[in-house]
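Q: coords please:
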Amino acid sequence: MSEAFVYRWTDKTTGMMYIGVHKGGTDDGYICSSKIMMPLYNERPHDFEREILEAGTDDFCRQKEEEFLLEVDAARNPLYYNRHNGNRNFVMLGPVSEETKKKMSKGRMGMKFTPEHKQRISDSMKGKTPPNKGKPHRIETKLKISKSRLGQAISEETKLKMSLARKRNIT
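A: Residues are numbered from 1 along each chain as shown. Take a look at the predicted model:
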């Protein structure tokens, strides 16, 4: 039994397709991660047909998924539900409203990561320089930061730590 597989769903009503990869078995009930296709599938599952394109290791299947998606340029192809070509560079459909930006930001606030996830993020950043490292903020940015912090209560413990840090920098 393989550890992963690449699949293609076809919407028999519209002819549209979705290509994806899943780490797991072909009979574990997994459908897809598409926020575009999944609601349609939930409404009319009998109109969708799945085909297994490849099976093998997770790395092999992720590579094959990208190859299939790039071959048809699924992210820009009107016959595909996909919004990326396997490289996770999502294609935005039109401009994003301020309301949507706020929702996206709010959705990420307070996210909790497992130690394994934190380690993967750390490993992926090794050897890379953060984009703003060593660059001072623009005055407009400093004002925005200052304005956003107005009215925030600072604990006595934090005040003491800030004081000690400044004293160490002075001497």
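Q: what sits against residue 31?
A: Going by CB atoms under 8 Å, 6 or more residues apart in numbering, residue 31 touches 9, 38, 41. For glycine as for every other residue, the C-beta is placed from the backbone atoms N, C-alpha and C.
Q: and the second one, how many neighbours?
A: Residue 38 sits with 15 neighbouring residues when counted by other CB atoms under 10 Å.
Q: that one contacts residue 44, doesn't it?
A: No - using CB atoms under 8 Å, residue 38 is not in contact with residue 44, being 11.9 Å away.
Q: strands of the chain, residue ranges please.
A: Assignment of strands within the chain using DSSP state E yields the ranges 4-11, 17-23, 48-56.
Q: and the angle for the second one with strand 4-11?
A: If you take axes from the mean of the first three to the mean of the last three CA atoms, to 10 degrees, strand 17-23 sits at 160 degrees to strand 4-11.
Q: for strand 17-23, packing partners?
A: If you count contacts as 3 or more CB pairs under 8 Å, 6 or more residues apart in numbering; DSSP states H and E, strand 17-23 packs onto strand 4-11, helix 58-72.
Q: now the first one: mean pLDDT?
A: Okay, so that is strand 4-11. Here strand 4-11 scores 96 as its mean pLDDT.
Q: export the helices and strands packed on strand 17-23 to CSV and tack on mean neighbour count and distance to residue 32?
A: Shown next, in CSV, are the helices and strands packed on strand 17-23 (neighbours: other CB atoms under 10 Å; distance: least, CB to CB, whole Å):
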stretch, mean neighbour count, distance to residue 32
strand 4-11, 20, 6
helix 58-72, 17, 12
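Q: quick one on the thing from earlier: and the strands of the chain: which comes nearest residue 162?
A: strand 17-23 (45.7 Å; CB to CB).
Q: buried residues in the closest one?
A: Neighbour counts over strand 17-23 (16 or more other CB atoms under 10 Å) mark 17, 18, 19, 20, 21, 22 as buried.
Q: now that strand: mean pLDDT?
A: pLDDT averaged over strand 17-23 gives 95.
Q: identify whichever of the strands of the chain lies nearest to residue 168.
A: strand 17-23 (48.2 Å).
Q: tilt between that closest one and strand 48-56?
A: 40 degrees.
Q: ok and strand 17-23 relative to helix 58-72, angle-wise?
A: Using the same axes, to 10 degrees, strand 17-23 lies at 170 degrees relative to helix 58-72.
Q: can you put the contacts of residue 31 in TSV and add distance to residue 72?
A: Formatted as TSV, these follow (distance: CB to CB, whole Å):
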residue	distance to residue 72
9	14
38	20
41	20
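Q: closest to residue 123 out of these?
A: Among the contacts of residue 31, residue 38 lies closest to residue 123 (CB to CB), at 30.5 Å.
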